[in-house]
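[1] Test case, fold it:
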Amino acid sequence: MFRRLLGLIWGLIWALSVQAQANFTIFTDTVSAFPNLAALQSFALAQHNGLWLLVSGRTDGLHHPLPFAAFKPDQANANLWVVDPKNWQVWSSDLSSLSTDIAEQLQSTNAQFVQRGNYLYLVGGYGYSTSAEKFVSYPYLTAIDVANIIPAIKDQTANLAPFFRQTPPDTLMAVCGGQMGIINNVFYLVGGHRFDGRYTHSKAGQGSVFFQTYTNAVRRFTIDDDGINLTITYDTPWTDELHLHRRDFNLVPQIFPDGSSGFTLFSGVFQPQKIGDQEHVNMPYLYPVDITANAYTPQPGFNQYLSQYHSAKIALFDSVANQMHTLFFGGMSQFEFNTDNELTQNDSVPFVKTISQITRAANGELTELNLPITMPGLLGTNAEFIPAPNIENALDQQGIIQIHKLTADTVLLGYIIGGITSPKRNPFLLFATEETAASAQVHRVYMHKMPYTGGVQPLPATTTNRANVMTLMALPNQLPKGSLQPVKVQTNLPEAGYISFVWQNELGQIVRIDKQGERPAGLHDFLLDAKNLASGKYVLSVTCKGKYWASGKIIIW
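    This is a model prediction of the structure:
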């Protein structure tokens, strides 16, 4: 059966094999029968009864470095789209029947979104506000009645206003580039930044004034929604100016080894520029952060090398082996393997074809795999994965695919839609972003359960995570306030690089940075001056050129 299936789709197929730590194979083919499908990237989506609702986002490709050409208003998505993936049908409606505030937010890019039941909740987003005559991060939460607006769009209903509700302006909702999830009916607005004004790349010249503030936070809140009224009730946010200073990342639902549910924040950009030297500017994060109902936990002992920006991804859980698998499709990355199977570094973080996997084992250990087959082009950035209706019974409340509930040998898992496609690896630095485009392609993603009985044989995946052995040693647990004695710490550097120590207080604020300059690889002793630090609990982190991190705790009393 598997041989026959591959034969039918071979002209369109690009396949990959997941062998290490996973008893399944993933392969994908490209749908070519979608007339009038919107080409979108950085959009929001929901689904109901097998149909998709696509809102917001942009219809062009990667934004231009210069302000006059970046985020042009006429290339914002100004329509609502309904897609039937079974019958290859598409319907759309414009935004003319909606209020100005709602219509403007629905044309934003990089808004945060999550679906709960029949409602899609859209937060923030960046775009041009015609009413304000400027570019803004929208300060709204909007609820969309997915179950009823889909048939209304199909029927070309003139007035769509009854299917939308919006909160009053709220500065805590003015976020773009973050992501949102739900744990136990509590909403988690993770990371992102507030960006107001016209974008420009810092190296691309002048002519633009903008204001950018990272949230540095996980904002937690509940939404009381009776179908008429929307009420947001905030809990205390988690703030961390170091570990949560991120945007444009992948937030993926997870089942942790102890059975608890949550999310992992994978990679993202950018590390605070003030931490290191000039080479540290615009460096992505490599290590992930785990998020559960009651805490967030950075994992600096593991580096994700092969994906740093928001891309299409799939979460799968193997309950038999108690393993959590996350697949990343294309996107942008600081690292990739060359033809000699060597891991190479490119700090411009270009578009890549890489398909990678991160597995969390039953003991909590994380492993990254470079899968043996690549994407068919430089695509996947700002794309989304939508589960297929046929696996609805295999999804948990967070959208994780439960492998043990997939009974067939070969299963359609879902679809990768939209995103940015590029003919060049780094069109941004070449001022060639006009050659990029939003993708109108749809890729079906299948799973075939191992072991193989014939057909294409699995290729060995390559383990990419080199041991991140950097540790912080000899750190005292306590130190008297005002002590003239320096804090002596020891750390081993996996490679040569610029060294910085970062002090954070209990509020997650960076209160001090001790820069130590370039050091060779190996074991080093450092003396840090702590006499001017106030009493309290601190986290002391050390980084080697932003690539390796280690942390420890110290109390000053």
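[2] In stretch 250-260, which residues are buried?
    If you call a residue buried by 16 or more other CB atoms under 10 Å, then stretch 250-260 has these buried ones: 250-256. The C-beta positions use only the backbone N, C-alpha and C, and glycine is treated the same way.
[3] Walking through the stretch 251-400 of the chain, point out its strands one by one.
    261-266, 289-291, 296-298, 312-318, 323-329, 335-337, 343-345, 355-360, 366-370, 378-381, 384-387 (DSSP state E, counting those that start in this stretch).
[4] Show me the contact partners of the last one.
    In other words, strand 384-387. Contact with strand 384-387 is made by 43, 45, 47, 52, 85, 312-314, 329, 395, 399, 401, 413-419, 445, as judged by CB atoms under 8 Å, 6 or more residues apart in numbering.
[5] Can you flag which of these belong to strands?
    Judged by DSSP state E, the subset of the contacts of strand 384-387 located in strands is 45, 47, 52, 312-314, 329, 401, 413-417, 445.
[6] Now do the nearest residue to residue 442 once chain neighbours are set aside against residue 87, distance only.
    Among residues not flanking residue 442 along the chain, residue 31 sits closest, at 4.1 Å (CB to CB, 6 or more residues apart in numbering). As for residue 31, its distance to residue 87 is 12 Å (criterion: CB to CB, to the nearest Å).
[7] neighbour-wise, which of those two wins?
    residue 31 (16 against 9; other CB atoms under 10 Å).
[8] And the more buried one, how far from residue 532?
    62 Å.
[9] and what of residue 361?
    Distance, residue 361 to residue 532, by CB to CB: 44 Å.
[10] Looking at these two, which is more packed in?
    Legend: neighbour count by other CB under 10 Å for residue 361 and residue 532, higher for residue 361 (14 against 9).
[11] Next one, pLDDT for that one please.
    Looking at residue 361, its pLDDT stands at 94.
[12] And stretch 509-523, what's buried?
    Using 16+ other CB under 10 Å as the test for burial, stretch 509-523 gives 510, 512, 514, 516, 519.
[13] again with stretch 387-394
    Neighbour-count burial for stretch 387-394, counted by 16+ other CB under 10 Å, picks out 387-388, 391, 394.
[14] Now compare these and name the two farthest from each other.
    Spanning the widest gap among these are 388 and 394, at 9.9 Å by CB to CB.
[15] domain ranges for this protein?
    The chain breaks down by automatic domain parsing into domains covering 41-239, 472-556.
[16] tell me, what's touching residue 31 and residue 87 both at once?
    With CB under 8 Å, 6+ apart, residue 31 and residue 87 have no common neighbours.
[17] Can you report how many residues neighbour residue 136?
    Counted with other CB under 10 Å, residues neighbouring residue 136 total 22.
[18] Kindly apply the preceding question to residue 92 instead.
    Considering only other CB under 10 Å, residue 92 is surrounded by 18 other residues.
[19] Narrow the buried residues of stretch 250-260 to those in helices?
    In helices, judged by DSSP state H, none of the buried residues of stretch 250-260 are found.
[20] Among these, which one lies nearest to residue 342?
    residue 250 (25.1 Å).
[21] For the spatially closest residue to the closest one that is not a sequence neighbour, give its distance to residue 435.
    Closest residue to residue 250 apart from its sequence neighbours, by CB to CB, 6+ apart: residue 266 at 4.4 Å. Using CB to CB, residue 266 is found at 28 Å from residue 435.
[22] quick one: which of these two has more around it?
    Per other CB under 10 Å, whichever of residue 266 and residue 435 has more neighbours is residue 266, with 25 against 13.
[23] I figured that one was touching residue 357, is that so?
    No. Look at residue 266 against residue 357 with CB atoms under 8 Å: they stay out of range, at 11.8 Å.
[24] ends of stretch 411-431, how far apart?
    42 Å (CA to CA, to the nearest Å).
[25] Renumber starting at 98 from here on
    Happy to do that; since the first residue is 98 now, the last one works out to stretch 508-528.
[26] Buried residues in it, which are they?
    Within stretch 508-528, the residues scored as buried using 16+ other CB under 10 Å are 508-519, 521-525.
[27] got it, and stretch 239-249?
    Buried residues in stretch 239-249, counting neighbours by 16+ other CB under 10 Å, are found at 239-243, 246-247, 249.
[28] can you tell me which of those residues are in helices?
    Taking DSSP H as the definition of helices, those contribute 243, 246-247, 249.
[29] what about the spatially most central residue of the chain, distance to residue 289?
    In the chain, the residue lying closest to the centroid (CA atoms, centre = their mean) is residue 347, at 1.7 Å. According to CB to CB, residue 347 and residue 289 sit 13 Å apart.
[30] so who does the residue nearest to residue 520 when sequence neighbours are not counted touch?
    Closest residue to residue 520 apart from its sequence neighbours, by CB to CB, 6+ apart: residue 532 at 5.5 Å. Neighbouring residues of residue 532 by CB under 8 Å, 6+ apart: 158, 519-521, 524.
[31] Thanks a lot, catch you later.
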